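Enquirer: Dropping the sequence and predicted coords here.
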Amino acid sequence: MSLATYLGCNFNVEITDDETDNPIEIGYIFLDENNRRDVQAKHFTTQNVYEIDLPNPIWGLNCYQKKNSPHNYKKSQRDFSALCDLLKTFLKPGEYCEIYPCWLGEELESREGEYTIRLDDFNLNEIDIYEKYLIKLVK
């Protein structure tokens, strides 16, 4: 099984070129139209659904990883921060996007938590994200 990290937004995002050097890729890595429709219907309030591919997963930003794998936790912090910086370039003040990481095939299951993060004012050390968490990122 594979873990997918879905991105929902109310604007179109350019799909990352296959030959990019950017560590953050936005596109359709694992998901198909059914996966997108399921996540959108069950979890998102946004019009467009993509998938994000990061070198280190955002669901690794939690107290368990911080304690048991601090090296990987730091890498997930770095990548999440880079993702937030990228998303800031797309969003205007007051706009938002949504992120939902889950295992493929579990898109219709209930979420286990949710967070709202203000992109211009958050503390990486206080974020606690697991799979099946809906994260709303607001500018």
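Expert: Cool, the structure landed.

Enquirer: and Val39, what is it in contact with?
Expert: Residues near Val39 by CB atoms under 8 Å, 6 or more residues apart in numbering: Tyr6, Gly8, Leu31, Val49, Tyr100, Cys102, Glu107. For every residue, glycine as well, the C-beta is placed using N, CA and C.

Enquirer: pLDDT on the helix or strand hosting it, on average?
Expert: In this assignment (DSSP states H and E), Val39 forms part of helix 33-42. Mean per-residue pLDDT for helix 33-42: 91.

Enquirer: and it, how far out from the chain's middle?
Expert: Chain-centre distance of helix 33-42: 15 Å, with CA atoms, centre = their mean, to the nearest Å.

Enquirer: Which helix in the protein has the most residues?
Expert: helix 70-90 (DSSP state H).

Enquirer: And the residue nearest the centre of this protein?
Expert: By CA atoms, centre = their mean, the chain has its centre lying nearest to Ile99, at 3.8 Å.

Enquirer: ok, now how distant is that residue from Val39?
Expert: Distance, Ile99 to Val39, by CB to CB, to the nearest Å: 10 Å.

Enquirer: what's the closest non-adjacent residue to Leu31?
Expert: What sits nearest to Leu31 in space, not counting adjacent residues and going by CB to CB, 6 or more residues apart in numbering, is Glu51, at 5.2 Å.
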